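**Student:** Sequence first, then the predicted structure, then my questions.
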Amino acid sequence: MHDWKTIQLTRDYLDGVRGGIPLAATQIELIIRLVRAWRPDLRTFVDLGCGDGILGRQLFGYWPESKGIFIDYSEPMMQAAREKGKDIVSVTEYYLLDYREKTWRNSLSHALPVDVVISGFSIHHLEDDQKYRVYQDIFEILRPGGIFLNLEHVASRDQYIEKVFDEVFTDGLYEYHQNHNASITRQEIMDKYYKREDKILNKLTLVEIQCDWLREIGFLHVDCFFKLFELALFGGVRP
């Protein structure tokens, strides 16, 4: 099975997909606003499944004195995060960890609890029982008043909504690539990026179900703060 430990798959995603996600700037703006609302004195955070570290770096832009822990199980992704985070290396810890493993928190015990846990387009690769357990883990590593925000790929209600999302997402990718490679066609975008091999790894779940899980676990103020078809930002606060 394909996974994120392959260099080519990582490069295809970071270079060909991540930059074309529709309304990406709005999503990041909302993350900053929500953190400001609940943790204006942010000191420590975890970027879980960090990829190239884009979300964590955004937090540093507003809280430069904070300490960040970047976690990913993909060596190519972690290398990308290190390369793009050279200016924050003194306040950053990087861990090559698989948070599907029940012991992943052990390596972080010296730095826990934290104020914020963020995750971007990562947890949707897990089966539902694994998602639930990871949400429990996140609850445990947050200090009281800490916030969890998950920017995620979620399931559509039906195939008709999914089809509209496919069109919206392809348009976003096409616009992005037109600005970088004007010769590429929309069909090539569909074939190379939207139909890329890592899609078989997706285990999508309705955002409503995942919000219910967070409430069961004990999170307060749980909500879906942003949704564009299969793109959603949701989370909650530990009491």
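**Tutor:** Perfect, I can see it now. Numbers count the residues shown, from 1 in each chain.
**Student:** what about Tyr132, how many neighbours?
**Tutor:** One way to gauge burial is a neighbour count; for Tyr132, by other Cβ atoms under 10 Å, it gives 18. Glycine gets a C-beta too; all of them are placed from N, C-alpha and C.
**Student:** most residues in a single helix of this protein, which one?
**Tutor:** When secondary structure is assigned using DSSP state H, the longest helix within the chain turns out to be helix 159-178.
**Student:** What residues of that one count as buried?
**Tutor:** By neighbour count, with 16 or more other Cβ atoms under 10 Å as the criterion, the buried positions of helix 159-178 are Phe165, Asp166, Val168, Phe169, Thr170, Gly172, Leu173, Tyr174, Tyr176, His177.
**Student:** So what's the gap between that helix and the chain middle?
**Tutor:** Its chain's average C-alpha position is 19 Å from that of helix 159-178, according to Cα atoms, centre = their mean, to the nearest Å.
**Student:** helices or strands up against it?
**Tutor:** The elements that helix 159-178 packs onto, with contact taken as 3 or more Cβ pairs under 8 Å, 6 or more residues apart in numbering; DSSP states H and E, are helix 186-189.
**Student:** burial of the closest residue to Gly218 other than its chain neighbours, as a residue count?
**Tutor:** The spatially closest residue to Gly218, leaving aside those adjacent along the chain, is Phe139, at 6.0 Å (Cβ to Cβ, 6 or more residues apart in numbering). When neighbours are defined as other Cβ under 10 Å, Phe139 has 18 of them.
**Student:** ditto for Ile54
**Tutor:** As a burial measure, Ile54 scores 20 neighbours (other Cβ under 10 Å).
**Student:** Can you tell me how far the most centrally placed residue in the chain is from Ile184?
**Tutor:** Nearest to the geometric centre of the chain sits Gly120, at 0.6 Å (Cα atoms, centre = their mean). Distance of Gly120 to Ile184, given as Cβ to Cβ, to the nearest Å: 25 Å.
**Student:** before we move on, what about Leu23?
**Tutor:** Taking Cβ to Cβ as the criterion, Leu23 is separated from Ile184 by 22 Å.
**Student:** A strand includes Glu93, no?
**Tutor:** Yes: secondary structure of Glu93, determined by DSSP: H, G, I helix; E, B strand; the rest coil: located in a strand.
**Student:** May I have the strands that pair with the top strand by length along the chain, each with its orientation?
**Tutor:** The single longest strand within the chain, with elements called by DSSP state E, is strand 142-153. Sheet neighbours of strand 142-153, with direction, are listed as strand 114-120 (parallel), strand 231-237 (antiparallel) (DSSP bridges).
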